[in-house]
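attaching a predicted model along with its sequence, questions to come.
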Amino acid sequence: MELNTLTLTEARQKIRAGELSPVALIDAINDTANRVDEKIGGYVFRDYENARAQAAQADIQLPLGGIPIAIKDAINVKGEPCTAASKVLEGYIAPYDATVISKLRAAGAIPFGRTNMDELAMGSTTETSAIQITRNPHDTERIPGGSSGGSAAVIAGGEALAALGSDTGGSIRQPAAMCGCVGLKPSYGRVSRYGLAAFASSLDQIGPMTRSVEDAALILQVIAGHDPLDSTSLDVPVPNYSAQLGSGVRGMKLGVPKEYFIEGLDVRVATRVREAIETYRNLGAEIVEVSLPHTQYAVASYYIIATAEASANLARLDGVRYGRRAAGGKDLAEHYSRTRGEGFGHEVKRRIILGTYVLSSGYYDAYYLRAQKVRTLIRRDFEEAFQKVDALISPTIPSPAFKIGEHVKDPLQIYLTDIFTTAANLAGICAISIPCGSVKEAGRQLPVGVQILAPAFQEDRLLCIARAYEMATSTR
Ligand code: GLN
């Protein structure tokens with residue numbers, strides 16, 4: 001079995017045809033992980049016995065019957081550790097399943113393995129994980145991207161068929177691009193976040209990371225929809241994503257935002273993305289240049305809004321309710337400060353301090369309020385663009401994966417890797433990154449991704465556009 005290339009769709013067909021048993025599949029995945037994960041470091045936990053027992057009972061008639069799916073460590077899977085790669089949650093065992101997990105189980109899937117991530121999803125490299133380093137399987141000297149770097153790495157490393165990630169400012173799309181996978185950030189409100197460790201509640205979404213667009217459609221189908229346990233999940237019908245997948249792009253208008261081809265964008269990455277745009281032209285789409293004039297303010301407003309919300313969300317990690325509890329505090333205040341002082345890493349502390357600052361009286365208007373106004377302008381940019389075009393195409397990342405440790409001393413440099421992804425979260429629209437070839441660096445081929453953005457709740461259109469490229473360019 002070629003686990004490095006097997007898609008979820010193919011595995012499902014083989015299982016249904018009786019050519020592959022769910023037990024054989026989980027065994028193969030576990031064996032590969034035993035072999036390669038020491039080097040890659042994508043998983044932080046695996047309960048093989050339990051997964052195997054579920055595989056033995058799997059109902060293969062269900063949509064994802066017997067299919068193992070790796071889960072980012074920020075999503076609660078009942079009975080398994082869920083630390084979001086933070087020391088502050090050390091020892092915490094999830095007492096319940098997140099809604100996406102219940103939905104996956106109901107569709108026959110088997111959550112298998114917890115994947116590494118930046119601590120509490122804050123980062124773009126998976127280097128802020130308090131647990132371990134994750135390496136990019138395409139070049140193990142390099143980062144896999146982040147924060148869902150473990151999910152992308154286990155797919156690229158042949159240790160998983162598909163995974164769930166979460167995306168607050170790019171954490172699904174950016175690592176997917178760096179590892180050569182498909183990563184879909186659904187529209188705000190499309191997928192329930194109940195059971196996801198909250199980072200920035202007005203931005204967070206859970207989504208699939210896969211080897212193909214077809215696979216992303218299958219997983220989205222299962223996890224999408226209203227959930228009474230997450231009041232931000234919208235009560236609107238979920239279309240049949242697979243049904244529309246093959247309709248092509250002929251006659252569609254695709255916009256290329258000129259602000260996304262800027263100085264600082266690696267020229268080789270730009271070339272790959274331009275080639276993808278040409279492919280769309282050849283497939284019959286009309287390509288038009290559009291402008292999203294407030295793009296340059298997206299990263300700044302994102303880092304104000306996300307840190308502000310994080311500073312409030314993380315207040316609950318106080319050593320009383322969850323996870324790690326520091327010893328020796330003589331009163332409550334000291335207990336809090338010891339637990340949080342020992343439990344949080346540098347990046348998380350930096351964000352809490354920044355978030356508290358931008359919300360503090362005297363600075364609130366200058367920073368937080370202004371960032372919210374900019375957010376409105378960014379949303380309007382998209383609304384105006386979508387009056388003229390069906391979807392937008394851009395790079396996902398400004399450069400291919402860099403070396404582990406290369407930018408750790410310079411957080412701003414790392415924040416800038418989110419330059420093309422944060423706007424979609426601020427606007428609440430859906431976006432996908434799909435592989436569009438690679439660039440050569442130091443003798444290695446490093447993957448790059450093209451991002452497609454569509455209006456909120458138009459995931460069906462988004463997937464169809466992505467699938468058209470995939471069909472035109474690969475054997476899938
Ligand atoms: N890299 C961004 C950040 O550090 C986005 C993270 C995410 O989407 N969770 O905040």
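Nice, thanks for sending it over.

just the strands in the protein please.
With DSSP state E as the criterion, the chain has strands at 43-45, 68-72, 110-115, 163-167, 182-185, 205-210, 253-257, 286-290, 391-395, 430-441, 444-454.

possible to save these as a markdown table with distance to residue 216 and mean neighbour count?
Any C-beta I mention is one placed from the backbone N, CA and C, and that applies to glycine too. Output for the strands of the chain, formatted as a markdown table (distance: least, CB to CB, whole Å; neighbours: other CB atoms under 10 Å):
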| stretch | distance to residue 216 | mean neighbour count |
| --- | --- | --- |
| strand 43-45 | 21 | 20 |
| strand 68-72 | 12 | 27 |
| strand 110-115 | 17 | 28 |
| strand 163-167 | 11 | 30 |
| strand 182-185 | 5 | 33 |
| strand 205-210 | 5 | 30 |
| strand 253-257 | 19 | 19 |
| strand 286-290 | 24 | 15 |
| strand 391-395 | 15 | 25 |
| strand 430-441 | 7 | 24 |
| strand 444-454 | 12 | 25 |
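
of those strands, which is nearest the ligand?
Taking CB to the nearest ligand atom, strand 163-167 is the member of those nearest to the ligand, at 4.9 Å.

mean confidence score for the closest one?
The average of the pLDDT scores along strand 163-167 is 98.

what packs against it?
strand 68-72, helix 149-156, helix 173-179, strand 182-185, strand 205-210 (3 or more CB pairs under 8 Å, 6 or more residues apart in numbering; DSSP states H and E).

the first one and the ligand in contact?
No. With CB under 6 Å from any ligand atom as the criterion, the ligand is not reached by strand 68-72; the gap is at least 9.7 Å.

from what I can see residue 439 touches residue 400, true?
Yes. Counting by CB atoms under 8 Å, residue 439 touches residue 400, with 5.5 Å between them.

touching both of the two, which residues are there?
Counting by CB atoms under 8 Å, 6 or more residues apart in numbering, the contacts common to residue 439 and residue 400 are 266, 268, 269, 446, 448.

quick one: the strands of the chain as TSV, columns for distance to residue 415 too.
Shown next, in TSV, are the strands of the chain (distance: least, CB to CB, whole Å):
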stretch	distance to residue 415
strand 43-45	25
strand 68-72	21
strand 110-115	23
strand 163-167	16
strand 182-185	18
strand 205-210	20
strand 253-257	20
strand 286-290	25
strand 391-395	17
strand 430-441	18
strand 444-454	18
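
indicate which one of those strands is closest to residue 137.
Set against residue 137 and scored by CB to CB, the strands of the chain come closest in strand 444-454, at 10.0 Å.

give the pairing partners of that closest one; include direction for each.
strand 391-395 (antiparallel), strand 430-441 (antiparallel) (DSSP bridges).

want to throw the ones you listed into TSV with mean pLDDT?
Putting these into TSV (pLDDT from 0 to 100) gives the following:
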stretch	mean pLDDT
strand 391-395	98
strand 430-441	97
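
could those be laid out in a markdown table, adding distance to residue 462?
Below are the strands paired with strand 444-454 laid out as a markdown table (distance: least, CB to CB, whole Å):
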| stretch | distance to residue 462 |
| --- | --- |
| strand 391-395 | 7 |
| strand 430-441 | 5 |
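
near the ligand, which residues of the stretch 101-250 of the chain show up?
With the criterion set to CB under 6 Å from any ligand atom, the stretch 101-250 of the chain comes near the ligand through 121, 122, 123, 124, 147, 167, 168, 169, 170, 171, 199.

now stretch 346-366: mean pLDDT?
Across stretch 346-366, the per-residue pLDDT values average to 96.

next one: stretch 178-189
In this model, stretch 178-189 has a mean pLDDT of 98.

so residue 135 is in contact with residue 41, correct?
Yes. Here residue 135 reaches residue 41: they are 6.0 Å apart, a contact under CB under 8 Å.

OK, contacts around residue 234?
189, 190, 226, 457.

by neighbours, which of those wins?
Neighbour counts for these (other CB atoms under 10 Å) peak at residue 190, which has 25 neighbours.

now distance to residue 95 too, for the helices and strands packed on strand 163-167, in JSON lines please.
Below are those laid out as JSON lines (distance: least, CB to CB, whole Å):
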{"stretch": "strand 68-72", "distance to residue 95": "16"}
{"stretch": "helix 149-156", "distance to residue 95": "23"}
{"stretch": "helix 173-179", "distance to residue 95": "28"}
{"stretch": "strand 182-185", "distance to residue 95": "28"}
{"stretch": "strand 205-210", "distance to residue 95": "19"}
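
compare the ones you listed and give me the one nearest residue 381.
Nearest to residue 381 among the helices and strands packed on strand 163-167 is strand 182-185 (17.8 Å), distances taken as CB to CB.

one step back: so which of the strands paired with strand 444-454 comes closest to residue 178?
strand 430-441 (9.5 Å).

show me how far the closest one is from its chain's centre.
14 Å (CA atoms, centre = their mean, to the nearest Å).

which one of the contacts of residue 234 is nearest to the ligand?
Using CB to the nearest ligand atom, residue 190 is the member of those that sits closest to the ligand, with 15.9 Å.

tally of neighbours for residue 260?
23.

what of residue 249?
Neighbours around residue 249, by other CB under 10 Å: 24.

ok, now which ones touch it?
By CB under 8 Å, 6+ apart, the residues touching residue 249 are 280, 283, 284, 285, 464, 465, 468.

what parts of the stretch 301-450 of the chain come near the ligand?
Counting by CB under 6 Å from any ligand atom, the stretch 301-450 of the chain sits next to the ligand at 306, 418.

might you report the residue contacts of the closest residue to the ligand within the stretch 301-450 of the chain?
For the stretch 301-450 of the chain, the nearest residue to the ligand under the criterion CB to the nearest ligand atom is residue 418, separated by 4.7 Å. Residue 418 makes contact with 124, 169, 170, 174, 299, 302, according to CB under 8 Å, 6+ apart.
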